[in-house]
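> my questions are about this predicted structure, shown below with the sequence.
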Amino acid sequence: MDEYLSRLVDLDQEERRLVAETLQFQEYIEERIFWYHSTEAVGLRDLVETWQALVWLAAPFSWRDLFLGLADDARNHPLLYLFAVAGLAGLVLLRRRVAGVVRSLSEKVVTASTDSFGHTLTAFVLTVLCAAWWPLLLAFIGLRLWTAQEPLEFARAISVGLWTTALILATTEFLRLSSRENGLADAHFRWRRAALGVFQKNLRWFTFVILPVSFVVSLMNWQQVNEQWRESVARLFMIVGLVAVAAFIQRLLRPSGKLLEEIMRRRRGGWLERLHVVWYPLAVAVPLAIALGATLGYQYTAYRLALRLVYTLWLILALFYLNAFTLRWLFVAHRKLAVEKALKRRAAEEAPTEGAEAVEEPEIDIFSISAQTRKFIHSIVGVGFVLGLWLIWRDVLPALAFLDRVELWSAGDESAVTLSSFVTAAIVIIMTIVAARNIPGLLEISVLQRLPLDHGVRFAITSVARYIIIFVGIIISFAAIGIGWSKVQWLLAAMTVGIGFGLQEIFGNFISGLIILFERPMRVGDTVTIGNVTGTVTRIQIRATTIRDWDRKELVVPNKEFVTGQLVNWTLSDAILRIIIPVGIAYGSDTKKARELLLKVADENPNILDDPEPTALFLGFGNSALNFELRVFIPGIEHYLPVQHELHMAIDNAFREAGITIAFPQHDIHIKSTPNRLQPFEPAPDQETG
């Protein structure tokens with residue numbers, strides 16, 4: 001028994017060692033074989049083999065056997081072929097009728113009364129059906145050639161070529177039908193006809209080139225007649241296809257083109273516009289670089305990169321239509337909201353004002369909803385694009401390990417910063433910038449607005465999230481290029497001393513900003529008074545806070561003033577405010593009636609709250625008046641001056657109509673009499689003679 005256990009332990013250790021060595025060899029192969037120089041550069045020999053391959057492909061006996069095998073398969077499966085022919089014939093007969101339905105749907109989406117997102121979905125399904133006729137026919141033939149009894153090698157190769165051609169044809173045909181007049185892009189997505197015309201013009205020649213290229217490349221990579229044809233014929237046709245892709249991208253997205261102008265018009269100010277000088281040359285250069293690699297002999301690498309390039313183009317196309325459909329849904333929803341608001345406004349204007357009291361409904365800000373939803377949609381599309389790229393290109397990422405062998409500079413401790421580390425740091429910085437700009441907004445729209453949090457709490461959470469993202473991104477990028485904590489701690493210590501002495505005000509404002517975000521003595525949107533400044537908080541940044549006063553002037557106040565100074569927040573926990581209106585009436589007036597008039601004026605004002613209820617008090621006997629005070633409560637500071645003005649006007653009119661005099665200061669002068677009677681003034685003798 002002990003002997004068996006000892007053998008099992010030894011076998012387990014050997015198996016673990018074998019698995020570890022296998023993984024090492026697998027990583028080694030994936031790293032080096034991917035960039036393997038698999039064949040010689042393109043030469044005259046490739047042209048000779050291409051001619052031989054084309055002769056084999058055009059051999060009449062092979063095609064005769066292929067058609068005979070397809071006929072035998074039809075005799076063996078008549079019902080299958082009958083259903084297939086009936087379905088394809090139905091698609092052909094319905095194409096004209098389907099085109100008419102799509103045209104009628106494009107007319108309905110023009111006006112708001114008949115517009116609906118369901119029309120767009122219907123048009124999409126019908127466009128797919130119209131585009132599926134030829135691809136389904138090719139795919140059916142390819143499937144039957146593959147599953148036929150005892151299929152020839154020639155038939156198998158033709159089958160693979162037909163499948164690939166069907167996929168490419170389905171894509172190009174759908175794009176052609178979508179971009180035609182009254183199609184999806186024209187009527188539903190509202191693209192300009194000039195841009196669509198440029199797209200259709202270039203799509204025609206591109207389809208004419210890419211279909212035979214995809215057919216021959218797939219066929220030659222599958223055939224087993226001559227292994228050299230994969231390195232010659234398939235390579236030459238693949239190079240032609242890659243050059244065609246580069247030319248297609250260049251003609252569509254050139255800076256002066258109509259299509260790029262339309263794209264920039266829809267994404268004005270976005271990263272697509274700002275980084276155009278980066279992604280446009282890269283989009284043209286990538287297929288050309290792959291074609292150059294194939295020309296120099298890296299056929300194995302070029303073929304797999306070309307496949308992933310095709311998958312990437314399909315991913316971009318799918319995300320483009322997803323974005324277009326969501327924006328279309330957003331447009332229809334907001335259009336309906338606008339129509340409903342207009343109808344309610346018209347009904348309110350035409351309805352009689354007498355009778356029942358009208359209920360005021362909250363207004364819906366369509367434009368703010370649109371901006372938030374658009375930002376959310378673009379964020380989702382961006383995340384989907386990054387995840388899709390990772391899924392497509394992750395198989396070739398181990399092959400990028402050669403970047404670790406390119407050393408840029410020494411980082412000390414017998415380590416060096418490689419090109420891979422530098423590229424990683426650059427990617428981290430770019431992702432940090434993108435994340436700091438978009439993730440807080442995405443967090444606000446998708447999560448925080450669904451929680452019972454006020455605007456100030458949400459702003460604090462998104463601001464702190466942005467700072468954390470930036471801080472973590474800087475740490476990771478510095479660590480990638482060899483700048484770790486042990487190497488910068490002395491610098492941070494020196495910065496701390498400098499902050500303590502020379503930058504204490506800036507550091508104090510920084511800490512005060514964090515205190516404001518966490519303690520929240522004020523929030524964005526609050527009305528505050530700091531010193532002699534009163535206004536609304538519009539922005540809380542890490543160093544200062546921006547306040548817009550009643551004159552629409554923006555004042556930038558350091559954060560330290562809010563923490564160490566006296567701050568009055570008019571809307572911190574309760575926005576309700578009290579207004580006191582002092583009123584003095586003349587002596588002899590009816591005080592009971594005066595109090596009733598004050599309460600009546602308060603009850604008639606719609607901006608005065610019923611709870612707490614208004615009060616009118618007779619405070620006392622003044623020197624010149626009987627002093628009253630009207631005390632009312634309003635829902636917010638924005639009503640302070642308007643309500644005060646309305647109350648002054650209403651009180652004056654009510655007292656005037658009731659005959660109650662509003663007192664003014666009066667003084668009685670009493671002249672005390674003297675014992676001697678006052679003598680008239682007589683001039684002196686010298687004044688009389690002079």
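Everything's here; your move. Keep in mind that what you see is a predicted model, and the values were worked out from it rather than measured.
> show me what stretch 565-578 is in contact with.
The contact list for stretch 565-578 (CB atoms under 8 Å, 6 or more residues apart in numbering) reads 521-522, 525-531, 609, 612, 631-637, 640. All C-beta atoms are positioned from the backbone trio N, CA, C, and that covers glycine.
> filter those residues down to the buried ones.
Among those, those classed as buried by neighbour count (16 or more other CB atoms under 10 Å) are 522, 526, 527, 528, 530, 609, 631, 632, 633, 634, 637, 640.
> hang on, the earlier thing: in helices only, show me the contacts of stretch 565-578.
Applying DSSP state H to the contacts of stretch 565-578, the entries found in helices are residue 640.
> among the buried ones among the contacts of stretch 565-578, which ones are in strands?
Mapping the buried ones among the contacts of stretch 565-578 onto strands (DSSP state E) picks out 527, 528, 530, 631, 632, 633, 634.
> turn those into JSON lines, including pLDDT and distance to residue 175.
Written out in JSON lines, the entries for those read as follows (pLDDT from 0 to 100; distance: CB to CB, whole Å):
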{"residue": "527", "pLDDT": "82", "distance to residue 175": "54"}
{"residue": "528", "pLDDT": "84", "distance to residue 175": "56"}
{"residue": "530", "pLDDT": "83", "distance to residue 175": "59"}
{"residue": "631", "pLDDT": "91", "distance to residue 175": "71"}
{"residue": "632", "pLDDT": "91", "distance to residue 175": "66"}
{"residue": "633", "pLDDT": "91", "distance to residue 175": "64"}
{"residue": "634", "pLDDT": "88", "distance to residue 175": "60"}
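> reformat these as a markdown table; add distance to residue 77.
Listed next are those as a markdown table, based on distance: CB to CB, whole Å:
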| residue | distance to residue 77 |
| --- | --- |
| 527 | 80 |
| 528 | 81 |
| 530 | 86 |
| 631 | 93 |
| 632 | 89 |
| 633 | 85 |
| 634 | 83 |
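> which of those sits closest to residue 468?
Sorting those by distance to residue 468 puts residue 528 at the head of the list, at 26.9 Å, by CB to CB.
> the closest one touches residue 535, doesn't it?
Yes - with contacts counted by CB atoms under 8 Å, residue 528 reaches residue 535, the gap being 7.3 Å.
> could you list the low-pLDDT ranges of the stretch 501-650 of the chain?
501-507 (pLDDT under 70).
> which residue ranges of it form helices?
Secondary structure of the stretch 501-650 of the chain, counting by DSSP state H, counting those that start in this stretch: helices at 504-519, 559-564, 591-604, 640-658.
> check those for me and report the most buried one.
Burial of the helices of the stretch 501-650 of the chain is given as mean neighbour count (mean count of other CB atoms under 10 Å); helix 559-564 ranks first at a mean of 19.
> which secondary structure elements does it sit against?
Of the remaining helices and strands, those touching helix 559-564 by 3 or more CB pairs under 8 Å, 6 or more residues apart in numbering; DSSP states H and E are helix 504-519, strand 544-549.
> turn the ones you listed into a markdown table, columns for distance to residue 277.
What follows is these, written out as a markdown table (distance: least, CB to CB, whole Å):
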| stretch | distance to residue 277 |
| --- | --- |
| helix 504-519 | 36 |
| strand 544-549 | 33 |
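> figure out which of those is closest to residue 426.
Nearest of these to residue 426, taken as CB to CB: helix 504-519 at 28.0 Å.
> what helices or strands is the closest one leaning on?
Of the remaining helices and strands, those touching helix 504-519 by 3+ CB pairs under 8 Å, 6+ apart are helix 455-480, helix 485-501, strand 533-540, strand 544-549, strand 554-558, helix 559-564.
> the inter-axis angle of the shortest one versus helix 504-519?
Angular relation of strand 554-558 and helix 504-519 on a 0 to 180 degree scale: 100 degrees, by axes from the mean of the first three to the mean of the last three CA atoms, to 10 degrees.
> and if you look at the fourth one?
Taking the same axes, to 10 degrees, strand 544-549 and helix 504-519 form an angle of 70 degrees between their directions.
> so what strands line up beside strand 544-549?
When sheet partners are counted by DSSP bridges, strand 544-549 sits next to strand 533-540 (antiparallel), strand 554-558 (antiparallel).
> so residue 110 sits in a strand?
No - using DSSP: H, G, I helix; E, B strand; the rest coil, the secondary structure at residue 110 is coil, not a strand.
> what residues does it make contact with?
For residue 110, the residues meeting the contact criterion (CB under 8 Å, 6+ apart) are residue 187.
> so which residues of the stretch 251-400 of the chain form helices?
Taking DSSP H, counting those that start in this stretch to define them, one finds helices in the stretch 251-400 of the chain at 258-266, 271-274, 276-296, 299-350, 366-393.
> among the ones you listed, which is nearest residue 426?
Of all the helices of the stretch 251-400 of the chain, the one in closest proximity to residue 426, counting by CB to CB, is helix 276-296 (12.4 Å).
> list the helices and strands that closest one packs on?
Short answer (3+ CB pairs under 8 Å, 6+ apart): helix 276-296 packs on helix 228-253, helix 299-350.
> relative to helix 228-253, how tilted is the longest one?
Meaning helix 299-350. Computed by the same axes, to 10 degrees, the angle between helix 299-350 and helix 228-253 is 30 degrees.
> now helix 299-350: mean pLDDT?
In this model, helix 299-350 carries a mean pLDDT of 81.
> show me what that helix is packed against.
For helix 299-350, the packing partners by 3+ CB pairs under 8 Å, 6+ apart are helix 117-131, helix 153-178, helix 228-253, helix 276-296, helix 366-393.
> off-centre distance for whichever helix or strand comes after the first one?
Later in the chain than helix 117-131, the nearest helix or strand by DSSP states H and E is helix 133-147. The offset between the C-alpha centroid of helix 133-147 and the centroid of the whole chain comes to 41 Å, using CA atoms, centre = their mean, to the nearest Å.
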